[in-house]
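Engineer: Sequence and predicted structure are below.
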Amino acid sequence: MSSPYSHLTTPGPWTYGLALAAVLLLAVAVALVFLQRRRANRLFPRFNALWNRNAEPFCPRCRTALSDFQRRTSWKFESSGNRTVRKPVSYSAFQCRKCRWKVRLVDEDGFELTLETARRRLFEASEES
Ligand SMILES: [Zn+2]
């Protein structure tokens, strides 16, 4: 063999090693991308809802994205003397469009939060454990 390229056409152990390294590198790259995507999709619970890294809320029951945060009215029953009176109450909540679950934002002390406050407090130091 006089061709200067003969070493490229005859696969020696060196070529196999290189191919193996390339395959391994590809596998590592794929695994990294996969892990990063999983990390980005990870939801964590806070204020009665689930949140992603972009402070977007999700339903705690079915993990659907929540969007319609608004004032809603309901009734509560209060005893007055020896009778029970029905009184209107209003509160802010999301309603999941998939499972119809109402998601209220409540902090650790039981206080209702606005969406802005919840988002602001979401990444405060106290949360990550
Ligand atoms: Zn839901």
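Structural biologist: Yep, it's here.

Engineer: for the lengthiest strand in the chain, packing partners?
Structural biologist: Looking across the chain with DSSP state E, the single longest strand is strand 83-95. Packed against strand 83-95, as judged by 3 or more C-beta pairs under 8 Å, 6 or more residues apart in numbering; DSSP states H and E, are the following elements: strand 70-80, strand 102-103. Heads up, the C-betas are built off the backbone N, CA and C, glycines and all.

Engineer: Are that strand and the ion in contact anywhere?
Structural biologist: No. Strand 83-95 is not in contact with the ion by C-beta under 5 Å from the ion; minimum separation 8.9 Å.

Engineer: Near R39, how many other residues are there?
Structural biologist: Residue neighbour count, defined by other C-beta atoms under 10 Å, stands at 9 for R39.

Engineer: related to what we said a few turns ago, if you compare the helices and strands packed on strand 83-95, which one is most tucked away?
Structural biologist: Between those, strand 102-103 has the highest mean count of neighbours, a mean of 16, where neighbours are mean count of other C-beta atoms under 10 Å.

Engineer: thinking again about what came up before, what about the helices and strands packed on strand 83-95, which gets the closest to P13?
Structural biologist: With respect to P13, and counting by C-beta to C-beta, the nearest of the helices and strands packed on strand 83-95 is strand 102-103 at 61.1 Å.
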